[in-house]
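**Q** here's my sequence, what's the structure:
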Amino acid sequence: MIAAGLDVARLNFSHGSADEHRARALALRSAAADCGRDVGLMGDLQGPKIRVRRFRDGSVELKDGEAFFLDSTLGLEEGTIDGVGVALDTLHEDLKTGDVLLLNDGMITLQVTSIDGTRIHTQVVNGGILSDHKGINKQGGGLSAPALTEIDRQNIVLAAELEMDFLAVSFVRSGDDVIEARRLFEEAGGSGRIVAKVERAEAVDNIDSIIDAADVIMVARGDLGVEMGYAVLTGIQKKLIRKTRKKSKVVITATQMMESMIQNPIPTRAEVSDVSNAVMDGTDAVMLSGETAVGKYPVKSIQEMSAVCTGAEQFPLPEGMTRHRIGDYFSRIDEAIAMAVMYTANHLDVEAIIALTESGSTALWMSRIRSDIPIYAFTSHQSTSRRVTMYRGVTPILFDVKATHSRELYQAVFDTMLEKQLVKVGDRVIFTKGDLDGVSGGTNAMKIVEVTAR
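**A** Below you'll find the model as predicted:
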């Protein structure tokens, strides 16, 4: 899978024990080392997924027009054709007569007819088979479950122990949820980046505060599509990608991107278009889920998605995308250098951009501007190397800076790139670096040089 193009692996804390996650993290990093690559590791908190409890017989078939109730006080395994328990004690407080509930990813629709204490009486609008532990969404959002559960708090400690490069927070409602997750992660010793999963209607309403608080935004289209409605989902996706990139943050597009490849060896044309459009809209990453977790063709799925991404990048972005922040005033020197590099790269014949970076920030800012010129993030920190795997157009290269003079430094970088066949002698490249080694945010110089051999 790594050889096929895997850049970041997600461990879903909704499934498996702590020891299983430890074993998977170890296996991933061992495989990455065998492949001579750094691969990012993301821990995905399960969050307050609101679900029905269990049925006595495993499932029921709900028919249109029938009555059905939900009740948080019903026994864990007492569900029948008449009603079922729910795993949110306050669900009845969040609803009123006329509200619409969507179960099993929107496959079943219920309309609330009355509320009697904790018992929510509904009428089946669109029926179907309802089985144990299926999810519940409220159309339009508005359920008050907190973003972090007690299990999530335990898994945050585990994520810190495993030195996760990214921590994904599910069902965030506002920037405050992201800030709380970051605080807990850092208190546990974690240093990875925080991913805010946008999958609630409230998150769309509060998207500016969420982007400001997070490092990465994930457009999690499953629950988001259920709550917001599928008709507006694509427009929301494009809006979120555009907003996130404008604020120089990273964005992931996720959910059912190549869903048919769980069973089939090739994607549908619609899936190819879906992935291509996300790439053309500027997303940093596209994510596979069931395709690689439980599908028949995990390696093939990655190969196909990688090929589609490469194909989509051959076409220009919409007019104006390369003018990102062209009229902005920059408060940081390293940020201004990054913008100057990309302007130069897009108006001069250069073969590569080389960023000597401590934290990866310079490479991130560069990657916000579309360019067909590869960006290589040279860093001595493996944590930075794994982190920048998420950044679009950026390739990490672990590099121990030993040279004391600029010319020696440039030649050492050239030696590495010539060995990897990334450039050839005589190519023109752009360097960025800081005067002081080991200082994060210290990039203050840009230089255009030609590649030489020793």
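
**Q** what's opposite Val84 in the beta bridge?
**A** Leu70 (DSSP bridges).

**Q** ok, it - how many residues close by?
**A** Number of residues near Val84 (other CB atoms under 10 Å) recorded here: 26. Where C-beta positions appear, they are placed from N, C-alpha and C, glycine not excepted.

**Q** contacting residues for it?
**A** Taking CB atoms under 8 Å, 6 or more residues apart in numbering, we find Val84 in contact with Val52, Arg53, Arg54, Phe55, Val60, Phe69, Leu70, Asp71, Leu74, Glu78, Leu130.

**Q** can you pull the buried residues of the helix or strand of the chain with the lowest mean pLDDT?
**A** Lowest by mean pLDDT, DSSP states H and E among the helices and strands of the chain is helix 333-345, with a mean of 84. Using 16 or more other CB atoms under 10 Å as the burial criterion, the residues of helix 333-345 that qualify are Asp334, Glu335, Ala336, Ile337, Ala338, Met339, Val341, Met342, Ala345.

**Q** likewise for stretch 218-236?
**A** Using 16+ other CB under 10 Å as the test for burial, stretch 218-236 gives 218-228, 233, 236.

**Q** ok, residues contacting the least confident helix or strand of the chain?
**A** Helix 333-345 has contacts (CB under 8 Å, 6+ apart) with 248, 325, 328, 330, 350, 353, 355, 361-362, 365-366, 369, 371, 373, 430, 432, 434, 441-446, 448.

**Q** packing partners of the following helix or strand past it?
**A** Next helix or strand after helix 333-345 toward the C-terminus (DSSP states H and E): strand 352-356. Applying 3 or more CB pairs under 8 Å, 6 or more residues apart in numbering; DSSP states H and E, we find strand 352-356 packed against helix 333-345, helix 361-367, strand 375-379, helix 406-419, strand 428-434.

**Q** now the fourth one: average pLDDT?
**A** When pLDDT is averaged over helix 406-419, the result is 90.

**Q** CA-only coordinates of that helix in CSV, if you can.
**A** Extracted C-alpha coordinates of helix 406-419, given in CSV (Å, rounded to 0.1, in the frame of the first residue of the first chain):
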residue,chain,number,x,y,z
SER,A,406,26.0,28.0,2.3
ARG,A,407,27.9,26.6,-0.7
GLU,A,408,28.6,23.4,1.2
LEU,A,409,25.0,23.2,2.3
TYR,A,410,23.7,23.6,-1.3
GLN,A,411,26.1,21.0,-2.6
ALA,A,412,25.0,18.5,0.1
VAL,A,413,21.4,19.0,-0.9
PHE,A,414,22.3,18.7,-4.6
ASP,A,415,24.1,15.4,-3.8
THR,A,416,21.0,14.0,-2.2
MET,A,417,18.7,15.1,-5.0
LEU,A,418,21.0,13.9,-7.8
GLU,A,419,21.2,10.5,-6.0
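
**Q** and the host helix or strand of Leu102, what does it pack against?
**A** Using DSSP H and E, Leu102 falls within strand 100-103. Helices and strands touching strand 100-103, by 3+ CB pairs under 8 Å, 6+ apart, are strand 108-116, strand 136-138.

**Q** and the first one, what's buried?
**A** Of all the residues in strand 108-116, those buried under the rule 16+ other CB under 10 Å are Ile108, Thr109, Leu110, Val112, Ile115.

**Q** now that strand, how far from the centre of its chain.
**A** In terms of CA atoms, centre = their mean, to the nearest Å, the centre of strand 108-116 is set 34 Å apart from its chain centre.

**Q** i'd like the first residue to be 299 from this point on
**A** Sure, I'll start numbering at 299, so the last one becomes strand 406-414.

**Q** quick one: contacts of that strand?
**A** Strand 406-414 is contacted by residues 360, 365-366, 368, 390, 393-401, 418-426, 428, 432 when judged by CB under 8 Å, 6+ apart.

**Q** how about 7 Å then?
**A** With contact meaning CB atoms under 7 Å, 6 or more residues apart in numbering, strand 406-414 is reached by 360, 366, 390, 393-401, 418-426, 428.

**Q** buried subset of the residues you listed?
**A** So, by 16+ other CB under 10 Å, the buried ones in the contacts of strand 406-414 are 360, 366, 390, 393, 397, 399-401, 418-420, 422, 425, 428.

**Q** how about the contacts made by Thr416?
**A** Thr416 neighbours (CB under 7 Å, 6+ apart): Asp369, Ser370, Thr371, His390.

**Q** check the third one and give its pLDDT.
**A** Translated: Thr371. pLDDT, Thr371: 95.

**Q** could you look up the SS state of it?
**A** What DSSP: H, G, I helix; E, B strand; the rest coil gives for Thr371 is coil.

**Q** just the buried ones among the contacts of strand 406-414: which are in strands?
**A** Using DSSP state E, the members of the buried ones among the contacts of strand 406-414 that fall within strands are Leu360, Phe366, Leu399, Leu400, Leu401, Ile418, His419, Thr420, Val422, Leu428.

**Q** any idea which of those is the one closest to Met688?
**A** Leu400 (31.2 Å; CB to CB).

**Q** follow-up on the earlier one: including distance to Ala610, could the contacts of Val382 go into a markdown table?
**A** Output for these, formatted as a markdown table (distance: CB to CB, whole Å):
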| residue | distance to Ala610 |
| --- | --- |
| Val350 | 39 |
| Arg351 | 43 |
| Arg352 | 44 |
| Phe353 | 44 |
| Val358 | 44 |
| Phe367 | 48 |
| Leu368 | 43 |
| Asp369 | 48 |
| Leu372 | 49 |
| Glu376 | 50 |
| Leu428 | 39 |
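
**Q** check these and tell me the two furthest apart.
**A** Spatially, the most separated pair among those is Arg352 and Phe367, at 15.6 Å (CB to CB).

**Q** Gln554: neighbour count?
**A** Gln554: 17 neighbours (other CB under 10 Å).

**Q** no wait, Lys700
**A** Neighbour tally, Lys700, other CB under 10 Å: 10.

**Q** excluding chain neighbours, what is closest to it?
**A** Residue nearest to Lys700 in three dimensions, not counting chain neighbours: Ala710, with 7.3 Å by CB to CB, 6 or more residues apart in numbering.

**Q** now do that neighbour against Arg471, distance only.
**A** As judged by CB to CB, to the nearest Å, Ala710 and Arg471 stand 48 Å apart.

**Q** of the two, who's got more company?
**A** Shown here are Ala710 and Arg471; by other CB under 10 Å, Arg471 has more neighbours (21 against 17).
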